[in-house]
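**Q** any chance you can model this:
(3 chains)
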Amino acid sequence: MRKPCCEKNETNKGAWTKHEDQKLIDYIQKHGEGCWRSIPPAAGLLRCGKSCRLRWVNYLRPDLKRGNFGQDEEDLIIKLHALLGNRWSLIAGRLPGRTDNEVKNYWNTHLKRKLLQMGIDPKNHHIRPTTAKSFFSNNQERNSAEDNNTRVLDSMSGPHPESFAVSGLPDLNL
DNA sequence: AAGGGTGCCAACCGCACTTCG
DNA sequence: ACGAAGTGCGGTTGGCACCCT
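**A** Okay, here's the model as predicted:
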């Protein structure tokens, strides 16, 4: 059995303070992201390396966008999720300034529900005939959508249709 | 005003994968 | 080739904020 990544009784847990954030930012600006395990003692933080990495990647990194997701980002997430499943880090990699945690949270809180309302199964992106019927009858867009359990990649209103290959799948260069 | 319910997001946990000696 | 250590990832949870009654 693997040892825990850090001595839990010797580290802080819970929300990060501004003071801790600043220490981590200062250290990484000086020394770079290097070895996470060595960062907490070197930076004077009572946190485990994992916690530092998570805080930096999800919150402190200077290139993070934050704020609401745009329609184009939303559509891209849905398309990528249809292709990749719950590979959040891969999906986030296609969204500049977004983190896997952010994408995952957004999916679980917004997009999942949105797809369900549209009559789409968020797990496999297949049309769910019962709910889809009412949704599409309102929208008059996909009258034949429920035929043979069609995939819905092409039903999204993505802003970059030119980026899709002939097969209907985006050129993701994964 | 209060309290209960719900949604959201930051952070934790544990497993899987990668790297290194 | 193998095992230990380090890192990354996805699932889950805790707690705060907001809304509704």
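
**Q** which residues touch residue A:101?
**A** A:54, A:57-58, A:88 (C-beta atoms under 8 Å, 6 or more residues apart in numbering). (C-beta placed from N, C-alpha, C; glycine too.)

**Q** let's go with 7 Å and repeat that
**A** Residues near residue A:101 by C-beta atoms under 7 Å, 6 or more residues apart in numbering: residue A:58.

**Q** and it, helix, strand or coil?
**A** helix (DSSP: H, G, I helix; E, B strand; the rest coil).

**Q** please determine how far it is located from residue A:90.
**A** 14 Å (C-beta to C-beta, to the nearest Å).

**Q** in chain A, where is pLDDT below threshold?
**A** A:1-10, A:128-174 (pLDDT under 70).

**Q** what residues does it put near DNA strand B?
**A** Contacts of chain A with DNA strand B, taken as C-beta under 7 Å from any atom of the strand, map to A:2, A:4-5, A:8, A:12-16, A:47, A:50-51, A:54-55, A:58-59, A:101-102, A:104-106, A:109-110, A:113.

**Q** any of these buried? List them.
**A** A:16, A:47, A:51, A:54-55, A:102, A:104, A:106 (16 or more other C-beta atoms under 10 Å).

**Q** okay, domains of chain A per the record?
**A** Following automatic domain parsing, one gets these domains for chain A: A:8-60, A:71-163.

**Q** and the nearest residue to residue A:94 once chain neighbours are set aside, what element?
**A** Distances taken as C-beta to C-beta, 6 or more residues apart in numbering place residue A:80 nearest to residue A:94, at 6.0 Å, with adjacent residues excluded. Here residue A:80 sits within helix A:71-84, counting by DSSP states H and E.

**Q** give the contact list for residue A:11.
**A** When contacts are taken as C-beta under 7 Å, 6+ apart, residue A:11 is in contact with A:46-48.

**Q** now, which of the residues you listed sits nearest DNA strand C?
**A** Closest approach to DNA strand C among these (C-beta to the nearest atom of the strand): residue A:48, at 8.7 Å.

**Q** the closest one: neighbouring residues, count only.
**A** Using other C-beta atoms under 10 Å, residue A:48 has 22 other residues around it.

**Q** about what we covered before: next structured bit after the helix holding residue A:80?
**A** Following helix A:71-84 in sequence, per DSSP H and E, is helix A:88-93.

**Q** in that next one, which residues are buried?
**A** The neighbour-count check on helix A:88-93 (16+ other C-beta under 10 Å) flags A:88, A:90-92 as buried.

**Q** stretch A:37-50 too?
**A** Within stretch A:37-50, the residues that count as buried by 16+ other C-beta under 10 Å are A:39-40, A:43, A:45, A:47-49.
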